[in-house]
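**Q** sequence? don't have it. structure:
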């Protein structure tokens, strides 16, 4: 199952969020060796988690965290602008048509299908709110993974193993991702709208 929730909805998804932050610590600190902050609960969080991002989470068959990522509009604070501006020659992107996606995380026990479902969930988000592209900062070897999964970014720059890229949202890519995962587009749209029912949908600016 794919879930969407804002940071301000964290209490409604407390256990799922806790698993997400613990899996982020496992991936980014333990496996990848990044210099990240992990608290006494074993959660990896940073300064962007307090900005009420929109989280996208894929659950496994038991309802546990299998994979996740977070989105913020590039018209506000972003990781690329504040931490990795050198990847784009210190000319970071700020546009109502582009949202930044960061902390692409997979549970240690995640199946190979989870990464593809995360890409599909991101595609649904972009099409649902009417943005044009998603901006990401990622390990450069992930380029091969994205290509294999059927949705590659346009590379903007890279240095020291870290890259920045842009994914363009399109109905064609979305249809392919739906077909590859076996998820009906209408069901995915209903899930997105239901998840944010009673809350303002994300806006582009």
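**A** Looks like it came in fine. All of these numbers come straight from a predicted model, not from anything done at the bench.
**Q** Got the phi and psi for the residue positioned nearest the centre of the chain?
**A** Centroid check for the chain by C-alpha atoms, centre = their mean gives residue 69 as the closest residue, at 2.9 Å. Residue 69 adopts backbone torsions of phi -160, psi 170, taken as degrees, to the nearest 10.
**Q** which SS class is the residue lying closest to residue 134 once chain neighbours are set aside?
**A** Closest residue to residue 134 apart from its sequence neighbours, by C-beta to C-beta, 6 or more residues apart in numbering: residue 167 at 4.5 Å. Placement of C-beta: from N, CA and C, glycine included. Secondary structure, DSSP: H, G, I helix; E, B strand; the rest coil: residue 167 is strand.
**Q** gap between residue 167 and residue 99?
**A** Separation of residue 167 from residue 99 (C-beta to C-beta, to the nearest Å): 10 Å.
**Q** More neighbours: which of those two?
**A** Neighbours were counted for residue 167 and for residue 99 using other C-beta atoms under 10 Å; residue 99 has more, 28 against 22.
**Q** Under a three-state scheme, what state does the more buried one occupy?
**A** Reduced to three states by three-state DSSP, residue 99 is strand.
**Q** And the pLDDT at the residue sitting furthest away from the middle of the chain?
**A** Taking C-alpha atoms, centre = their mean, the residue of the chain most remote from its mean C-alpha position is residue 40, at 24.7 Å. Per-residue pLDDT puts residue 40 at 95.
**Q** Next one: it relative to residue 104, how far apart?
**A** Distance of residue 40 to residue 104, given as C-beta to C-beta: 25 Å.
**Q** Next: residue 44.
**A** From residue 44 to residue 104 the distance is 13 Å (C-beta to C-beta).
**Q** Show me the shaky parts of this structure.
**A** 199-205 (pLDDT under 70).
**Q** longest helix in it, by residue count?
**A** Taking DSSP state H as the criterion, the chain has its longest helix at helix 113-129.
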